[in-house]
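Q: Quick one, fold the following:
(4 chains)
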2 protein chains.
Amino acid sequence: MSDPNAVPPVTLNRLSIYLRCLRRLRDQGVRQVSSQQLAHRYRLSAAQIRKDLTQFGEFGIRGVGYEVDQLCDRLASVLGVDHTRSIVVVGMGNLGSALARHVGFNSESFAVVGGFDNDPKKVGSTVGHLAISHISELPTVVRETNAEIGVLTVPAPAAQHNYDALTAAGIKAVLNFAPVRLKLDPRVQTKNVDLSINLEELGFFLGQG
Amino acid sequence: MSDPNAVPPVTLNRLSIYLRCLRRLRDQGVRQVSSQQLAHRYRLSAAQIRKDLTQFGEFGIRGVGYEVDQLCDRLASVLGVDHTRSIVVVGMGNLGSALARHVGFNSESFAVVGGFDNDPKKVGSTVGHLAISHISELPTVVRETNAEIGVLTVPAPAAQHNYDALTAAGIKAVLNFAPVRLKLDPRVQTKNVDLSINLEELGFFLGQG
DNA sequence: CCATGTGAACAAATTCACAGCA
DNA sequence: TGCTGTGAATTTGTTCACATGG
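A: Just a heads-up that it's a prediction; the model follows:
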């Protein structure tokens, strides 16, 4: 718990899943849940739920289970989503525009506070309620809004350059959608989401069809 | 190699990365490459590259390395992307429309042959060159086009229903963007891509900022 | 009594180190 | 020589099974 880098990414991934499941239970009015019930309901592993949770504290009551509401709060706190985080989107093409809208609609924990592009034709227009700024405005906007997360949705050849611009502007974490292996800034947490890789993984299982 | 399910997903993920790196090298005119050069160039592990590759055959030449061109072909074949696969997109909202365009533009290995929605206002309109059909047309289109992969970009409450429609229509693999733990059809390979989970994983590292 | 929390057993994945071959 | 391919060693992650305690 003390050193964030000691937590395997796969554990974080599961914590996030647990949080989603627990929120749904809470919305359904469920007050308490055991690891076994949770596992059965959402096809997870009970032992793994307990192991994962105890990395961050003792949240359960022996003989009873977990308080749904309380565990939601604790997990949200662990995942740093107990308050709204500001996001900037760099690259307002199809994907960037769609993600900007999507995040705006689907999350209370994240707010898109800036959209950037280098195309003069796009600068000044809006996507939903978001005004598109020129990429040169990035440092100013990041400073003024305290944006912490950058979503990178530029074409592959522009990815490294814009990644460097994000880190230089003081962004603390990047979600990269460009199909490129970036040279990373060690101070900046970076995750890659890669559509083609996902499709190719599926392709493998389709054989020679 | 014989049983696809014996290959760990993380290995497939890396194979896809190797393929991308090799294609870039090929485009740059590089003819041969050793595992060490590849590792150094793209920040990978040389031993792991070799281990991963040997699961599917002996592609290298001792003392020399790998023929870039030949290895590209072999990997493309392993990943089933040596010919074009047909994709349908279910849920033509922001994300679905953007992905349909994105895949159309960015991949020769995948072609979007159908876009579906249940909103009568969308049916009949087009996204790029793709006509949007009503979801009831799904079985017909899948049959006629031999579509193998379904991209699921509907709102969470509609996800299971539309997943079931995809599998019933004969789709063989699904890429799910809905933030839901689906009840899976064991005959259908399914991968989840989850924007909020990715953001929350990043959130974890931002602490209480 | 019953579900958590946890050490111990097990399984999987990665790295190491070197034999074997072009 | 110098790289691949690979068993063995190590690390990492998961599952088991039970002591602990509300």
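
Q: Next, count neighbours for residue A:47.
A: When neighbours are defined as other CB atoms under 10 Å in any protein chain shown, residue A:47 has 11 of them. (Each C-beta comes from the backbone N, C-alpha and C, glycine too.)

Q: what's the distance between it and DNA strand D?
A: Counting by CB to the nearest atom of the strand, to the nearest Å, the gap from residue A:47 to DNA strand D is 4 Å.

Q: Let me see the ranges of the helices in chain A.
A: A:9-27, A:35-42, A:46-54, A:68-78, A:94-106, A:138-145, A:156-168, A:195-205 (DSSP state H).

Q: Pull out the buried positions in the fifth one.
A: Going by neighbour count (16 or more other CB atoms under 10 Å in any protein chain shown), the buried part of helix A:94-106 is A:94, A:95, A:96, A:97, A:98, A:99, A:100, A:101, A:102, A:103, A:104.

Q: what do you get for the third one?
A: When neighbours are counted by 16+ other CB under 10 Å, the buried residues of helix A:46-54 are found to be A:49, A:50, A:52, A:53.

Q: Tell me the confidence at the first one?
A: If I follow you right, that is residue A:49. On pLDDT, residue A:49 comes in at 98.

Q: I'd say it and residue A:39 touch.
A: Yes: under the criterion of CB atoms under 8 Å, residue A:49 makes contact with residue A:39 at 6.1 Å.

Q: quick one: contacts for the residue lying closest to residue A:72 once chain neighbours are set aside?
A: The shortest distance from residue A:72 to any non-neighbouring residue, by CB to CB, 6 or more residues apart in numbering or on different chains, is to residue A:22 (4.9 Å). Going by CB atoms under 8 Å, 6 or more residues apart in numbering or on different chains, residue A:22 touches A:33, A:38, A:68, A:71, A:72, A:75.

Q: Adding distance to DNA strand C and pLDDT, write the residues you listed out as CSV.
A: Formatted as CSV, those follow (distance: CB to the nearest atom of the strand, whole Å; pLDDT from 0 to 100):
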residue, distance to DNA strand C, pLDDT
A:33, 7, 98
A:38, 7, 98
A:68, 11, 98
A:71, 10, 98
A:72, 15, 98
A:75, 12, 97
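
Q: and of the residues you listed, the nearest to residue B:9?
A: Proximity of the contacts of residue A:22 to residue B:9 (CB to CB) peaks at residue A:38, which lies at 23.6 Å.

Q: ok, now which ones touch the residue nearest to that closest one when sequence neighbours are not counted?
A: What sits nearest to residue A:38 in space, not counting adjacent residues and going by CB to CB, 6+ apart, is residue A:49, at 5.9 Å. For residue A:49, the contact set (CB under 8 Å, 6+ apart) comprises A:14, A:18, A:35, A:38, A:39.

Q: Widest-spaced pair of those?
A: Pairwise over those, using CB to CB, the maximum falls at A:14 and A:35, 12.4 Å.

Q: Could you export the contacts of residue A:22 as CSV, including neighbour count?
A: Below are the contacts of residue A:22 laid out as CSV (neighbours: other CB atoms under 10 Å in any protein chain shown):
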residue, neighbour count
A:33, 22
A:38, 23
A:68, 22
A:71, 22
A:72, 20
A:75, 23
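
Q: Mind listing the residues bridging to the residue positioned nearest the centre of chain A?
A: Centroid-nearest residue in chain A: residue A:175, 7.3 Å away (criterion: CA atoms, centre = their mean). Beta-bridge pairing of residue A:175 under DSSP bridges involves residue A:151, residue A:191.

Q: In terms of residue numbering, what are the domains of chain A?
A: In the assignment given by automatic domain parsing, the structural domains of chain A cover A:4-77, A:85-198.

Q: List of residues touching stretch A:93-103?
A: Outside stretch A:93-103, the residues that touch it by CB under 8 Å, 6+ apart are A:87, A:89-90, A:92, A:110-112, A:115, A:117, A:127-128, A:130, A:151, A:153-155, A:177, B:94-95, B:97-99, B:101-102, B:195, B:199.

Q: Many thanks, I have nothing further to ask.
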